[in-house]
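Undergrad: show me the folded form of this:
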Amino acid sequence: MTAPTRQVHPHADTVGVGGLHTDPLWGTVTTLTPLELALLRTWPVRRLGHVAHAGAVATVTTQTFSRLEHSLGVLGLVAHLDGDDAVTRAAALLHDVGHAPLSHTLEGIAGIDHHVTGMARVRALSDLLGEHGVDVDDVVDTLSGARRSALRPRLGLVTLDHLDGYVRSARAHGRRMPAPPRLLRRLTLQDGVLRTDPAGARVLAQLVDAEVAYHRSPLNVLAVGVVRHLVRRWLEPGADADAVVGMTDGELVAALLRDPRTGDETRHFLTDPLAWCVVPARPGPAPEGVELVPGGRSYHARALVHGEPLPDHVPVPDRAPDRWVLRRDHPEAGSAVAMP
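TA: Just a heads-up that it's a prediction; the model follows:
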């Protein structure tokens, strides 16, 4: 187990200079293995540095960190809590390689599925993994949950993937919480399951609740809806997901700006996002020029306290309502109170 410390390497880079990774969020310094250093020089991993973890909402909030920063954060947590598990460490670094540009924003469009794409990209790294004594099937099983680990413990429990995302998001938005190194000292890993004391569990529960509220916020829904609308217009009917899944965020934005069908509206959104608004969806199909953002039931992960899940002190959120995203000058914008 590596001890969290604030005496960090002077450069918190993402390439492994000196064979180290310093995480300024958690205060950990991780000695990278030869495999991890090699993976950090592959395109599937490097590309994550150009994909916003928050997706489209990174264009309108201060949550701008990348999928690579997050993946290195998860690797640092695995190394700190379960340092000798080479397979889980590799899986931590690779767990997000399937994401399309803007992360979850484009899921489902033209068949985009980051889980399917991710498994294919991991298998494409089979030779590199094998050269370093790691079986790609073990990595795939870890990512799928067939092999129990802190990345995929029992359903409904906090994973190290969740933990880093919640804490990184909280810091990006200025949410009040204990310093991450202090929180980390309250956490242990037993049989692939994250455990903590009651105080730590309360912090984790608050982080989960804040993240649920953030994902349901009008501004998040607005950004997701506008970008999905633009990408649907840009892609030809029946287009294959391969047209977009390999892009970076910058490449996708450039493609939308170049295309005469989407260029003006893309520039308008980048200039004035609040020219769009969010209203409750009405029954039936969305009108022309309106993007439906379906609601859903947010997952509600829990920590373990002394071996048992923390009881839900806050009810699991109900299913979020369906909402429409549209221009403020659209006729439907006047049909309800517009947000934000």
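Undergrad: pLDDT (mean, whole number) over the one helix or strand L256 maps to?
TA: The secondary structure element spanning L256 is helix 249-258 (assigned by DSSP states H and E). Confidence over helix 249-258, taken as the mean pLDDT, stands at 97.
Undergrad: how about stretch 292-304?
TA: For stretch 292-304, the mean per-residue pLDDT is 75.
Undergrad: buried residues in the helix holding L256?
TA: 249, 252-253, 255-256 (16 or more other C-beta atoms under 10 Å). (Each C-beta comes from the backbone N, C-alpha and C, glycine too.)
Undergrad: again, but for stretch 108-126
TA: Residues 109-110, 112, 114, 117-119, 121-122, 125 are the ones in stretch 108-126 that count as buried (16+ other C-beta under 10 Å).
Undergrad: can you list those in JSON lines and add secondary structure?
TA: As requested, the buried residues of stretch 108-126 are arranged in JSON lines below (DSSP: H, G, I helix; E, B strand; the rest coil):
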{"residue": "I109", "secondary structure": "helix"}
{"residue": "A110", "secondary structure": "helix"}
{"residue": "I112", "secondary structure": "coil"}
{"residue": "H114", "secondary structure": "helix"}
{"residue": "T117", "secondary structure": "helix"}
{"residue": "G118", "secondary structure": "helix"}
{"residue": "M119", "secondary structure": "helix"}
{"residue": "R121", "secondary structure": "helix"}
{"residue": "V122", "secondary structure": "helix"}
{"residue": "L125", "secondary structure": "coil"}
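Undergrad: burial measure for E288, as a count.
TA: Applying other C-beta atoms under 10 Å, we find 8 residues neighbouring E288.
Undergrad: element containing it?
TA: E288 is located outside every helix and strand, with elements delineated by DSSP H and E.
Undergrad: ok, it to R233 distance?
TA: Distance check for E288 against R233: by C-beta to C-beta, to the nearest Å, it reads 11 Å.
Undergrad: any idea which of the buried residues of stretch 108-126 is the one closest to H330?
TA: Proximity of the buried residues of stretch 108-126 to H330, judged by C-beta to C-beta, is greatest for I109, which lies at 21.3 Å.
Undergrad: now that closest one: closest residue in space that isn't a chain neighbour?
TA: For I109, the nearest residue in space outside its immediate sequence neighbours is V231; the separation is 5.8 Å by C-beta to C-beta, 6 or more residues apart in numbering.
Undergrad: before we move on, what about L102?
TA: Distances taken as C-beta to C-beta, 6+ apart put G55 closest to L102, at 4.5 Å, once the chain neighbours are dropped.
Undergrad: how about the strands of the stretch 1-150 of the chain, start to end?
TA: Ranges of strands in the stretch 1-150 of the chain, per DSSP state E, counting those that start in this stretch, are 20-23, 28-31.
Undergrad: ok, the first one: who's next to it in the sheet?
TA: Yep, that's strand 20-23 we're talking about. Applying DSSP bridges, strand 20-23 is found paired with strand 28-31 (antiparallel).
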